[in-house]
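J.: take a look and give me a structure for this.
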Amino acid sequence: MQDMTSPIDRSPFDRTIAVWNHKGGTFKTSVVANLGYLFAAGGNKVLMVDMDPQANLDIDAGIPANERERGIGLAEALREGNTLPPPQHLSENLHLISGGPALNEFTDPASLAAILERVTTARYDLLAQALAPLAWDYDLIFIDSGPAQTLLSQTILGVARYLVVPTRTDNASITGLVDVQDAIDGVASCNPDLQLLGVVLAGVGARATRIAADKRHAIDTVLGAGTVFNAVIHYSEKVAVLARQQGKTVAELANEYHNTQPAYTYLAKGQNIPNVAKAAVSIETDYLRLATEISDRMFTSDEQEPDHD
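T.: Predicted structure coming up:
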(Lines give C-alpha, C1' and ligand atoms only; values in the text may rest on other atoms or scores of the structure.)
Protein backbone atom coordinates (compact mmCIF):
# COMPACT_ATOMS: atom_id res chain seq x y z
CA MET A 1 0.00 0.00 0.00
CA GLN A 2 1.27 3.46 -0.95
CA ASP A 3 2.36 5.97 1.64
CA MET A 4 0.00 8.95 1.72
CA THR A 5 2.65 11.29 3.13
CA SER A 6 3.38 13.71 0.31
CA PRO A 7 6.72 15.31 -0.54
CA ILE A 8 5.15 17.47 -3.24
CA ASP A 9 5.43 21.24 -2.94
CA ARG A 10 1.84 22.46 -2.71
CA SER A 11 2.53 26.19 -2.92
CA PRO A 12 1.70 26.29 -6.67
CA PHE A 13 -1.84 25.22 -5.83
CA ASP A 14 -2.79 27.99 -3.40
CA ARG A 15 -5.46 29.16 -5.84
CA THR A 16 -6.75 25.76 -6.88
CA ILE A 17 -10.48 25.28 -6.37
CA ALA A 18 -12.15 21.91 -6.80
CA VAL A 19 -15.85 22.08 -7.56
CA TRP A 20 -16.70 18.80 -5.94
CA ASN A 21 -19.65 16.62 -4.99
CA HIS A 22 -20.09 12.86 -5.10
CA LYS A 23 -23.62 13.22 -6.42
CA GLY A 24 -24.33 13.77 -10.08
CA GLY A 25 -26.61 16.48 -11.40
CA THR A 26 -25.49 19.13 -8.92
CA PHE A 27 -24.35 21.69 -11.53
CA LYS A 28 -20.62 21.18 -10.92
CA THR A 29 -19.71 21.62 -14.59
CA SER A 30 -21.93 24.68 -14.98
CA VAL A 31 -20.31 26.27 -11.92
CA VAL A 32 -16.79 25.62 -13.27
CA ALA A 33 -17.61 26.89 -16.77
CA ASN A 34 -19.32 30.05 -15.58
CA LEU A 35 -16.88 30.94 -12.80
CA GLY A 36 -13.93 30.25 -15.08
CA TYR A 37 -15.37 32.57 -17.72
CA LEU A 38 -16.15 35.37 -15.27
CA PHE A 39 -12.79 35.31 -13.50
CA ALA A 40 -10.99 35.24 -16.87
CA ALA A 41 -13.11 38.13 -18.13
CA GLY A 42 -12.06 40.01 -15.00
CA GLY A 43 -8.40 39.78 -15.99
CA ASN A 44 -7.33 36.60 -14.19
CA LYS A 45 -5.51 33.86 -16.06
CA VAL A 46 -7.64 30.79 -15.46
CA LEU A 47 -7.12 27.09 -16.09
CA MET A 48 -10.05 24.69 -16.01
CA VAL A 49 -9.30 20.98 -15.55
CA ASP A 50 -12.01 18.46 -16.40
CA MET A 51 -11.58 15.30 -14.34
CA ASP A 52 -14.91 13.84 -15.44
CA PRO A 53 -15.00 11.02 -18.03
CA GLN A 54 -18.25 12.52 -19.36
CA ALA A 55 -16.33 15.63 -20.53
CA ASN A 56 -19.32 17.94 -20.31
CA LEU A 57 -16.97 20.87 -19.82
CA ASP A 58 -15.90 20.48 -23.46
CA ILE A 59 -19.53 20.83 -24.48
CA ASP A 60 -20.12 23.85 -22.25
CA ALA A 61 -16.97 25.44 -23.67
CA GLY A 62 -18.29 25.03 -27.20
CA ILE A 63 -15.54 22.69 -28.42
CA PRO A 64 -16.74 20.87 -31.58
CA ALA A 65 -17.08 17.10 -31.22
CA ASN A 66 -14.35 16.38 -33.78
CA GLU A 67 -11.88 18.59 -31.88
CA ARG A 68 -12.34 17.12 -28.41
CA GLU A 69 -9.28 15.60 -26.81
CA ARG A 70 -11.32 12.91 -24.99
CA GLY A 71 -9.06 13.04 -21.93
CA ILE A 72 -6.27 11.07 -23.62
CA GLY A 73 -3.47 13.45 -22.66
CA LEU A 74 -4.75 13.88 -19.10
CA ALA A 75 -5.11 10.12 -18.59
CA GLU A 76 -1.60 9.51 -19.91
CA ALA A 77 -0.13 12.18 -17.62
CA LEU A 78 -1.81 10.64 -14.58
CA ARG A 79 -0.87 7.09 -15.54
CA GLU A 80 2.70 7.62 -16.74
CA GLY A 81 3.73 10.71 -14.76
CA ASN A 82 4.15 12.63 -18.02
CA THR A 83 3.74 16.35 -18.52
CA LEU A 84 0.20 17.39 -19.36
CA PRO A 85 -0.52 18.30 -22.97
CA PRO A 86 -0.75 22.04 -23.74
CA PRO A 87 -4.14 23.34 -22.57
CA GLN A 88 -6.68 24.44 -25.14
CA HIS A 89 -6.98 28.22 -25.38
CA LEU A 90 -10.66 29.15 -25.13
CA SER A 91 -9.78 32.85 -24.87
CA GLU A 92 -6.73 34.92 -23.98
CA ASN A 93 -7.11 34.25 -20.25
CA LEU A 94 -9.15 31.03 -20.19
CA HIS A 95 -7.58 27.64 -20.86
CA LEU A 96 -8.88 24.07 -20.59
CA ILE A 97 -7.43 20.62 -19.99
CA SER A 98 -10.12 18.27 -21.27
CA GLY A 99 -11.51 15.20 -19.62
CA GLY A 100 -13.23 12.39 -21.45
CA PRO A 101 -13.71 8.64 -21.74
CA ALA A 102 -9.96 7.92 -21.55
CA LEU A 103 -10.28 8.65 -17.82
CA ASN A 104 -12.53 5.61 -17.38
CA GLU A 105 -9.44 3.48 -16.84
CA PHE A 106 -9.18 5.15 -13.42
CA THR A 107 -12.66 3.95 -12.50
CA ASP A 108 -12.35 0.36 -13.76
CA PRO A 109 -11.09 -1.87 -10.89
CA ALA A 110 -8.87 -4.07 -13.07
CA SER A 111 -7.23 -1.18 -14.90
CA LEU A 112 -6.86 0.79 -11.68
CA ALA A 113 -5.10 -2.05 -9.89
CA ALA A 114 -2.55 -2.27 -12.70
CA ILE A 115 -1.96 1.48 -12.66
CA LEU A 116 -1.43 1.64 -8.91
CA GLU A 117 0.92 -1.34 -9.07
CA ARG A 118 3.12 0.53 -11.53
CA VAL A 119 3.14 4.17 -10.45
CA THR A 120 5.58 5.39 -7.81
CA THR A 121 3.62 8.53 -6.90
CA ALA A 122 1.10 8.28 -4.07
CA ARG A 123 -2.43 8.08 -5.45
CA TYR A 124 -3.46 11.40 -3.90
CA ASP A 125 -0.54 13.14 -5.64
CA LEU A 126 -1.09 11.99 -9.22
CA LEU A 127 -2.87 15.16 -10.34
CA ALA A 128 -0.60 17.42 -8.30
CA GLN A 129 2.44 15.94 -10.00
CA ALA A 130 0.90 16.43 -13.45
CA LEU A 131 -0.28 19.99 -12.78
CA ALA A 132 2.79 21.31 -10.99
CA PRO A 133 4.71 22.44 -14.13
CA LEU A 134 1.69 24.51 -15.25
CA ALA A 135 0.27 25.80 -12.00
CA TRP A 136 2.46 28.89 -11.58
CA ASP A 137 1.25 30.17 -14.96
CA TYR A 138 -2.29 30.72 -13.65
CA ASP A 139 -4.00 32.96 -11.15
CA LEU A 140 -6.78 30.42 -10.59
CA ILE A 141 -7.29 26.74 -11.34
CA PHE A 142 -10.79 25.28 -11.30
CA ILE A 143 -11.20 21.49 -11.27
CA ASP A 144 -14.44 19.85 -12.38
CA SER A 145 -15.01 16.52 -10.65
CA GLY A 146 -17.04 13.49 -11.62
CA PRO A 147 -19.94 12.18 -9.54
CA ALA A 148 -18.37 8.99 -8.17
CA GLN A 149 -15.89 8.26 -5.38
CA THR A 150 -12.95 7.03 -7.43
CA LEU A 151 -9.21 7.51 -7.70
CA LEU A 152 -10.00 10.62 -9.75
CA SER A 153 -11.90 12.21 -6.86
CA GLN A 154 -9.13 11.23 -4.44
CA THR A 155 -6.40 12.85 -6.50
CA ILE A 156 -8.54 15.99 -6.88
CA LEU A 157 -8.72 16.25 -3.10
CA GLY A 158 -4.97 15.74 -2.99
CA VAL A 159 -4.24 18.85 -5.07
CA ALA A 160 -7.04 21.30 -4.23
CA ARG A 161 -6.55 24.15 -1.77
CA TYR A 162 -10.28 24.86 -1.59
CA LEU A 163 -13.53 23.00 -2.14
CA VAL A 164 -16.66 24.62 -3.50
CA VAL A 165 -19.57 22.20 -3.21
CA PRO A 166 -22.69 22.78 -5.32
CA THR A 167 -25.79 20.99 -4.13
CA ARG A 168 -29.44 20.71 -4.99
CA THR A 169 -31.98 21.43 -2.29
CA ASP A 170 -33.58 17.98 -2.01
CA ASN A 171 -33.21 16.17 1.30
CA ALA A 172 -31.00 13.39 -0.10
CA SER A 173 -28.51 15.93 -1.45
CA ILE A 174 -28.38 17.82 1.83
CA THR A 175 -27.94 14.64 3.87
CA GLY A 176 -25.10 13.53 1.58
CA LEU A 177 -23.08 16.63 2.46
CA VAL A 178 -21.95 14.94 5.66
CA ASP A 179 -19.44 13.13 3.41
CA VAL A 180 -17.68 16.42 2.61
CA GLN A 181 -15.93 16.75 5.96
CA ASP A 182 -15.10 13.04 5.93
CA ALA A 183 -13.45 13.50 2.54
CA ILE A 184 -11.38 16.45 3.78
CA ASP A 185 -10.32 14.52 6.88
CA GLY A 186 -9.41 11.55 4.69
CA VAL A 187 -6.64 13.47 2.91
CA ALA A 188 -5.41 15.46 5.91
CA SER A 189 -2.11 13.59 6.08
CA CYS A 190 -1.13 14.48 2.51
CA ASN A 191 -3.03 17.74 1.97
CA PRO A 192 -3.57 19.37 5.37
CA ASP A 193 -4.38 22.77 3.82
CA LEU A 194 -7.52 21.56 2.02
CA GLN A 195 -10.41 23.75 3.14
CA LEU A 196 -14.13 23.84 2.47
CA LEU A 197 -14.65 27.29 1.02
CA GLY A 198 -18.41 26.90 0.96
CA VAL A 199 -21.55 25.20 -0.28
CA VAL A 200 -23.64 26.79 -3.01
CA LEU A 201 -27.32 26.00 -3.55
CA ALA A 202 -27.77 25.36 -7.27
CA GLY A 203 -30.67 24.58 -9.57
CA VAL A 204 -33.06 26.55 -7.36
CA GLY A 205 -36.40 27.61 -8.81
CA ALA A 206 -36.98 31.34 -9.19
CA ARG A 207 -39.71 31.34 -6.55
CA ALA A 208 -38.14 28.90 -4.09
CA THR A 209 -36.92 31.57 -1.65
CA ARG A 210 -38.33 29.88 1.45
CA ILE A 211 -36.99 26.48 0.42
CA ALA A 212 -33.49 27.90 -0.08
CA ALA A 213 -33.58 29.55 3.35
CA ASP A 214 -34.67 26.30 5.04
CA LYS A 215 -31.96 24.27 3.28
CA ARG A 216 -29.32 26.85 4.17
CA HIS A 217 -30.12 26.28 7.84
CA ALA A 218 -30.01 22.50 7.39
CA ILE A 219 -26.56 22.63 5.76
CA ASP A 220 -25.21 24.94 8.45
CA THR A 221 -26.35 22.35 10.97
CA VAL A 222 -24.38 19.63 9.17
CA LEU A 223 -21.21 21.53 8.24
CA GLY A 224 -21.15 24.57 10.51
CA ALA A 225 -22.62 28.07 10.53
CA GLY A 226 -21.69 30.29 7.60
CA THR A 227 -20.82 27.38 5.31
CA VAL A 228 -23.42 28.22 2.67
CA PHE A 229 -22.71 31.03 0.23
CA ASN A 230 -25.30 33.79 0.15
CA ALA A 231 -25.38 33.53 -3.64
CA VAL A 232 -27.91 31.05 -4.99
CA ILE A 233 -27.71 29.71 -8.55
CA HIS A 234 -31.21 29.73 -9.95
CA TYR A 235 -32.39 27.48 -12.76
CA SER A 236 -34.04 28.21 -16.07
CA GLU A 237 -34.75 25.36 -18.47
CA LYS A 238 -34.38 27.65 -21.48
CA VAL A 239 -31.05 29.04 -20.31
CA ALA A 240 -29.72 25.54 -19.54
CA VAL A 241 -30.75 24.22 -22.97
CA LEU A 242 -29.34 27.19 -24.89
CA ALA A 243 -26.07 27.13 -22.95
CA ARG A 244 -25.50 23.44 -23.66
CA GLN A 245 -26.67 23.58 -27.29
CA GLN A 246 -24.60 26.64 -28.17
CA GLY A 247 -21.60 25.96 -25.94
CA LYS A 248 -21.93 29.31 -24.21
CA THR A 249 -21.79 30.50 -20.63
CA VAL A 250 -24.66 32.27 -18.94
CA ALA A 251 -22.72 35.55 -19.18
CA GLU A 252 -22.43 35.16 -22.95
CA LEU A 253 -26.16 34.45 -23.23
CA ALA A 254 -26.90 37.48 -21.06
CA ASN A 255 -24.75 39.64 -23.32
CA GLU A 256 -26.67 38.39 -26.36
CA TYR A 257 -29.93 39.32 -24.68
CA HIS A 258 -28.66 42.83 -23.95
CA ASN A 259 -27.65 43.23 -27.60
CA THR A 260 -30.93 41.99 -29.02
CA GLN A 261 -33.11 44.56 -30.78
CA PRO A 262 -36.92 44.69 -30.53
CA ALA A 263 -38.59 41.83 -32.41
CA TYR A 264 -40.21 44.10 -34.98
CA THR A 265 -36.82 45.25 -36.31
CA TYR A 266 -35.96 41.68 -37.30
CA LEU A 267 -39.38 41.11 -38.83
CA ALA A 268 -39.09 44.32 -40.85
CA LYS A 269 -35.79 43.06 -42.30
CA GLY A 270 -37.17 39.58 -42.99
CA GLN A 271 -34.78 38.10 -40.43
CA ASN A 272 -35.39 35.42 -37.82
CA ILE A 273 -35.90 36.68 -34.27
CA PRO A 274 -32.88 35.55 -32.19
CA ASN A 275 -33.54 32.83 -29.66
CA VAL A 276 -32.40 34.58 -26.47
CA ALA A 277 -33.18 34.06 -22.80
CA LYS A 278 -33.99 36.99 -20.50
CA ALA A 279 -33.47 34.74 -17.47
CA ALA A 280 -29.75 34.56 -18.35
CA VAL A 281 -29.37 38.12 -17.05
CA SER A 282 -30.46 37.25 -13.51
CA ILE A 283 -28.54 33.96 -13.48
CA GLU A 284 -25.41 35.80 -14.60
CA THR A 285 -25.92 37.99 -11.52
CA ASP A 286 -26.08 34.82 -9.39
CA TYR A 287 -22.69 33.73 -10.69
CA LEU A 288 -21.19 37.20 -10.26
CA ARG A 289 -22.29 37.19 -6.63
CA LEU A 290 -20.80 33.74 -6.13
CA ALA A 291 -17.51 34.81 -7.73
CA THR A 292 -17.35 37.81 -5.39
CA GLU A 293 -17.98 35.64 -2.33
CA ILE A 294 -15.34 33.15 -3.41
CA SER A 295 -12.79 35.94 -3.81
CA ASP A 296 -13.72 37.38 -0.42
CA ARG A 297 -13.47 34.04 1.36
CA MET A 298 -10.10 33.25 -0.19
CA PHE A 299 -8.83 36.67 0.87
CA THR A 300 -10.09 36.08 4.42
CA SER A 301 -8.41 32.67 4.47
CA ASP A 302 -5.13 34.26 3.38
CA GLU A 303 -5.40 36.85 6.13
CA GLN A 304 -5.87 34.10 8.72
CA GLU A 305 -2.86 32.08 7.55
CA PRO A 306 -0.06 32.06 10.17
CA ASP A 307 3.10 33.95 9.31
CA HIS A 308 5.86 31.41 8.69
CA ASP A 309 8.67 33.96 8.31
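J.: quick check, residue 85 in a strand?
T.: No: secondary structure assignment (DSSP: H, G, I helix; E, B strand; the rest coil) places residue 85 in coil, not in a strand.
J.: for it, which residues are in contact?
T.: The neighbours of residue 85, taking CB atoms under 8 Å, 6 or more residues apart in numbering as the test, are 69, 73, 74, 77, 97. The way it works is simple: take the backbone N, C-alpha and C, and place the C-beta from them, glycine included.
J.: between the residues you listed, which sits nearest residue 89?
T.: For residue 89, the nearest member of these is residue 97. The distance, counting by CB to CB, is 11.5 Å.
J.: give me phi/psi at that closest one?
T.: For residue 97, the backbone dihedrals are phi -100, psi 120 (criterion: degrees, to the nearest 10).
J.: three-state assignment of the residue nearest to it when sequence neighbours are not counted?
T.: Distance criterion CB to CB, 6 or more residues apart in numbering; nearest residue to residue 97, sequence neighbours excluded, is residue 49 at 4.7 Å. Secondary structure, three-state DSSP: residue 49 is strand.
J.: hang on, isn't residue 49 packed against residue 145?
T.: No: the pair residue 49 and residue 145 fails to qualify as a contact (CB atoms under 8 Å) at a distance of 9.6 Å.
J.: need the residues touching each of these two.
T.: Between them, residue 49 and residue 145 have no joint contacts when contacts are counted by CB under 8 Å, 6+ apart.
J.: can you measure across stretch 60-77, start residue to end residue?
T.: Criterion CA to CA, to the nearest Å; first-to-last residue distance in stretch 60-77 is 24 Å.
J.: stretch 50-57 too?
T.: First-to-last distance for stretch 50-57 - CA to CA - comes to 6 Å.
J.: give me the mean pLDDT for that stretch.
T.: Per-residue pLDDT over stretch 50-57 has a mean of 92.
J.: check stretch 85-105 too.
T.: Model confidence over stretch 85-105 averages 92 on the pLDDT scale.
J.: flag every buried residue along that stretch.
T.: Neighbour-count burial for stretch 85-105, with 16 or more other CB atoms under 10 Å as criterion, is recorded at 87-88, 90, 93-100, 102-105.
J.: next one: stretch 146-165
T.: 146, 150-165.
J.: okay, and which of the residues you listed map to strands?
T.: Among these, the ones falling in strands (DSSP state E) are 162, 163, 164, 165.
J.: make CSV from those and add pLDDT to it.
T.: Converted to CSV, those look like this (pLDDT from 0 to 100):
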residue, pLDDT
162, 97
163, 96
164, 97
165, 95
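J.: now for the helix ranked longest in the chain, which elements pack on it?
T.: Assignment by DSSP state H gives helix 279-304 as the longest helix of the chain. Applying 3 or more CB pairs under 8 Å, 6 or more residues apart in numbering; DSSP states H and E, we find helix 279-304 packed against helix 28-41, strand 162-167, strand 195-204, strand 228-234, helix 237-246, helix 250-258.
J.: please repeat the previous calculation with a cut-off of 7 Å.
T.: Helix 279-304 is packed against helix 28-41, strand 195-204, strand 228-234, helix 237-246, helix 250-258, with contacts defined by 3 or more CB pairs under 7 Å, 6 or more residues apart in numbering; DSSP states H and E.
J.: what angle do it and helix 237-246 make?
T.: Helix 279-304 and helix 237-246 are oriented at 80 degrees to each other (axes from the mean of the first three to the mean of the last three CA atoms, to 10 degrees).
J.: low pLDDT regions in the stretch 101-250 of the chain?
T.: When the per-residue scores of the stretch 101-250 of the chain are filtered using pLDDT under 70, the ranges that remain are 109-121, 148-149, 206-211.
J.: do a quick rundown of the strands in the stretch 1-150 of the chain.
T.: Along the stretch 1-150 of the chain, the segments classed as strands by DSSP state E, counting those that start in this stretch run 16-19, 46-50, 88-89, 94-97, 140-144.
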